[in-house]
Structure formats: structure tokens, C-alpha cells
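Colleague: whatever this is, show me its structure:
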Amino acid sequence: MIEILFCGNDGVYDGMLTCALSILMRTETDEPFHFRIFTMDVSHLDERYVPLSREHTERFRSAVKQFGSENRVTVYDVSELYMKHFSGCPNEGAYCSPYTLIRLFADRVKGMPDKLLYLDADIMFNRDVRLLWDTDIEGYEYAAARDHYGKYLLNPNYINAGVLLFNMAEARRTGLFKKARRWIKKQKLTFADQSALIRSTTRRRVLPQRFNDQKFLHKHTVVRHFSKRLFWLPYPHTDNIKQWHIDKVHSVFGYHQFDDVYERYLILK
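Modeller: Presented below is the predicted three-dimensional model:
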């Protein structure tokens, strides 16, 4: 079974759905998928921070089962874990949202597999997910690609944590998540959980950029990550175009490679 983990609130449902559809529509395999979703209610911080709704959960489950009756969706409410470990911590106002922190509970949720592919919600697969899933991570805590900007500005091997192929057995053995949670609780970090993971890593495998391409979409790109990026024209500025902003994906990026996914997505909506 191919195990996928998303983390987020109800507001990124469109991202999780489009990402899952791109995986299912780009992959030819008889192996079933298990989509796991960590969510929580922290609406005391922001009224938008509500968990994935029951309606969206059932729509998501119905969508993935259209591609195989054995495909599964499991939603975990980690509100209690968050309140116990991270409520009031220095990184609660993380650069994205508190939901970026909850993947650090992957070792605390019962029944998690020994191999797990974590994906940010703003991701689309351009090619077969098995090109990533079948990566050998024996002896590594995880595999990840370099951050497009960080590899120039911070460190040549600075990784982006939006795509993480976890060897959960090894990560449990080294205490990766436990160490990262300590960093989150004790010190304000520039990139919150990403910084905490990097500081806590014992051994990782660095992947080619095609497994987390944050700026371009090449024919060989496996994962296109729609993260905030810099544009030079008509003047230097940043924009945060997500894959579910279909009109902008067409007009700004000029991408039509995902139109078959969008067609299915719009029918489901």
C-alpha cells in the first residue's frame, strides 16, 4: 500500500483533493493508496483554523475510491496533541500556519506505517508517484529535495520539507520527531518545523530537484510544488499561486499539463 500524509485545515481541502487526483491519474499500479490526513481545531487562534469537515472528508473518500475500491482515507484529529505540545510555543505563529507543525506528530499517532510520504497541500504530480515512492531510504530518516531558494541563500544542501519520504522505523529509532518537537517548543525558528527537522536530522537522502520543483515544470518534473515564488516581471514581486487557482495557473504559468486533473476536480466540486 502506498501511504500518503496530508496535514491541514478545511481551507486547503481543494489542495489535498487536486494533489490526490494528480497522484491517482498519473500512476499506473494495482497497489492501493492510503491517504492519511492530520487535522485539528485551533479556531481560538484564527476563525479559519477549523478541521477538515465531515462533508469534505466524505467527498475526498468518494473521489479516491473511484480509482480503486481498496483505496482508503483516514482522518486524525490531533487537536489534543497540539494543545499539549505546542499551544503557546514560540512557533505557534508559524510562517504558514500552525498546521505546518502537526506532521511532527507522525510518531505519536497510532497505526502509522513504517514508510510514509508527507506532502504539502500545494503540490501536483506530473509523473508517476512510484518514481518517488520506490526510492531506497534504508538507513535514512527521510529523503527530500533541495529548497529552490535555500540552496543558493542558505546552504547548497538546504532541503524543502514540502515533500518528505519518511522511513518511519528509522525516524522513531533516532528520535527525529521528538527532537524536532523540542526545538519547536524552546526556540523561535525562521521556518518553524522545516528548521526543526533539519536541525534534528541524523541522516537523510537528498533527492534530485525534479521531486520537488518549486519554480519550473519540466517534462521530467515528478512533483510541481506551488509554493510562494519570486517573479521579476513586470517588477520584482512575490506571489503565492496555488494549483487550485486554475485561471492563474493558465494565465501566469501557462500550464495546461494538469487540465485533465482540473476537469475531474471541477466535476467533483
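Colleague: for the stretch 1-150 of the chain, what spans make up the helices?
Modeller: 13-26, 54-65, 79-85, 130-133, 150-153 (DSSP state H, counting those that start in this stretch).
Colleague: same deal with the stretch 151-269 of the chain?
Modeller: 168-174, 176-186, 192-200, 246-248, 259-268.
Colleague: separation between the nearest residue to residue 255 once chain neighbours are set aside and residue 60?
Modeller: Closest residue in space to residue 255, ignoring its immediate chain neighbours: residue 249 at 5.2 Å, by CB to CB, 6 or more residues apart in numbering. All C-beta atoms are positioned from the backbone trio N, CA, C, and that covers glycine. Taking CB to CB, to the nearest Å as the measure, residue 249 falls 21 Å from residue 60.
Colleague: same thing with residue 203?
Modeller: Taking CB to CB, one finds residue 203 at 34 Å from residue 60.
Colleague: out of those two, which sits in the more crowded spot?
Modeller: Set residue 203 next to residue 60 and count neighbours by other CB atoms under 10 Å: residue 60 wins out with 21 against 13.
Colleague: quick one: contacts for that one?
Modeller: 13, 16, 17, 20, 35, 37, 52, 73 (CB atoms under 8 Å, 6 or more residues apart in numbering).
Colleague: where does pLDDT dip in the stretch 51-200 of the chain?
Modeller: 94, 149-156 (pLDDT under 70).
Colleague: again, only this time at 90
Modeller: 87-97, 147-159, 185-196 (pLDDT under 90).
Colleague: distance of residue 55 relative to residue 19?
Modeller: For residue 55, the distance to residue 19 - CB to CB - is 19 Å.
Colleague: still on that earlier bit, could the contacts of residue 60 go into JSON lines alongside distance to residue 225 and neighbour count?
Modeller: Formatted as JSON lines, the contacts of residue 60 follow (distance: CB to CB, whole Å; neighbours: other CB atoms under 10 Å):
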{"residue": "13", "distance to residue 225": "18", "neighbour count": "23"}
{"residue": "16", "distance to residue 225": "14", "neighbour count": "26"}
{"residue": "17", "distance to residue 225": "17", "neighbour count": "23"}
{"residue": "20", "distance to residue 225": "15", "neighbour count": "26"}
{"residue": "35", "distance to residue 225": "18", "neighbour count": "24"}
{"residue": "37", "distance to residue 225": "19", "neighbour count": "23"}
{"residue": "52", "distance to residue 225": "21", "neighbour count": "22"}
{"residue": "73", "distance to residue 225": "23", "neighbour count": "21"}
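Colleague: and stretch 132-146, end to end?
Modeller: Terminal residues of stretch 132-146 lie 15 Å apart, using CA to CA, to the nearest Å.
Colleague: offset the numbering so it begins at 36, please.
Modeller: Sure, I'll start numbering at 36, so the last one becomes stretch 167-181.
Colleague: what does that stretch rub up against?
Modeller: Contacts of stretch 167-181 (CB under 8 Å, 6+ apart): 37, 150, 152, 191-196, 198-202, 205-206, 209, 211, 236-247, 257-258.
Colleague: are any of the residues you listed buried, and if so which?
Modeller: Taking 16 or more other CB atoms under 10 Å as the criterion, what is buried in the contacts of stretch 167-181 is 37, 150, 152, 193-196, 198-202, 205-206, 211, 236, 239-242, 244-247, 257-258.
Colleague: among the residues you listed, which are in strands?
Modeller: 37, 150, 152, 198-202, 239-242, 258 (DSSP state E).
Colleague: on that earlier part again, quick one, which of the helices of the stretch 186-304 of the chain is packed in tightest?
Modeller: The highest mean neighbour count among those, using mean count of other CB atoms under 10 Å, belongs to helix 227-235: a mean of 22.
Colleague: could you check how far residue 284 is from residue 53?
Modeller: From residue 284 over to residue 53 (counting by CB to CB), the distance is 10 Å.
Colleague: so how far is residue 279 from the closest residue to residue 83 other than its chain neighbours?
Modeller: Leaving aside its sequence neighbours, residue 83 sits nearest to residue 46 (CB to CB, 6+ apart; 5.6 Å). Distance of residue 46 to residue 279, computed by CB to CB: 11 Å.
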